[in-house]
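**Student:** For reference, the sequence and a predicted model appear below.
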Amino acid sequence: MTDLHTRISAQFEESGRLKIELAELLAGPIARSAEMIVQALLSEKKVLACGNGGSASSAQYFASRMLNRYYLERPGLAAIALPADISTLTSIANDNHFEQVFARQVTALGHHGDILLAMSTSGNSGNILQAITAARENGMHVIAFSGGDGGGLVELLGEDDIHIGVPHEHPARIQEVYILTLHCICDAIDCLLLGVN
């Protein structure tokens, strides 16, 4: 039992240390992300969020915080979690187009000035890369989360897009930073919209 306790404690310590180390690196991109989203919302635009696996859950969680609330009561904010539509995902995948499961939705639902929030712990997920390409072709802004060295994802980003990179190799640690980052973005959005100190 002691060995398990030690292992669990070590994971808490590693996760906490990584978040503290990244605070300065990510504060700027997080603030810019919140500002970009608020500007889009004030222009009657929306956020489309996508990811695979744990990142799919994070995309849905982010959309829920936007549509309902984060901490304070406020009107719902326009966000769509692309992984949430199982019928659409399985239909596209069933036609042997899994790499297009998000891109087709971005092409159909995204408009000029909207934002794609895309997450890939490797930075190399084919369907995320395709979604970013579709978003840029639609005149959308991109906020891209990646782990490791950023993978092929960073090569697709334009000058006005935002990259939130977590330079770590362990997917669980990367996902933990993603959740904290999304919380920070939601909090910053509330501050910008509601004037919270």
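**Tutor:** Received the coordinates, thanks. Numbers count the residues shown, from 1 in each chain.
**Student:** could you pull out the helices for the protein?
**Tutor:** 2-42, 54-67, 86-94, 103-109, 126-137, 153-156, 171-194 (DSSP state H).
**Student:** Skipping adjacent residues, who's closest to I132 in space?
**Tutor:** L156 (4.7 Å; Cβ to Cβ, 6 or more residues apart in numbering). In this view, the C-beta of every residue, glycine as well, is placed from N, C-alpha and C.
**Student:** Same check on E176?
**Tutor:** S15 (5.2 Å).
**Student:** Convert the C-alpha atoms of stretch 186-197 to CSV, please.
**Tutor:** Only the C-alpha atoms of stretch 186-197 are listed here, as CSV (Å, rounded to 0.1, in the frame of the first residue of the first chain):
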residue,chain,number,x,y,z
CYS,A,186,-13.2,30.6,-19.2
ASP,A,187,-12.3,32.8,-16.2
ALA,A,188,-10.6,35.4,-18.5
ILE,A,189,-13.7,35.5,-20.7
ASP,A,190,-15.9,36.2,-17.7
CYS,A,191,-13.5,38.9,-16.6
LEU,A,192,-13.5,40.6,-20.0
LEU,A,193,-17.3,40.3,-20.4
LEU,A,194,-18.4,41.0,-16.9
GLY,A,195,-15.6,43.1,-15.5
VAL,A,196,-14.8,40.7,-12.8
ASN,A,197,-11.7,41.7,-10.7
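**Student:** which other residues reach that stretch?
**Tutor:** 30-31, 33-35, 37-38, 41, 62, 65-66, 70-72, 74, 77 (Cβ atoms under 8 Å, 6 or more residues apart in numbering).
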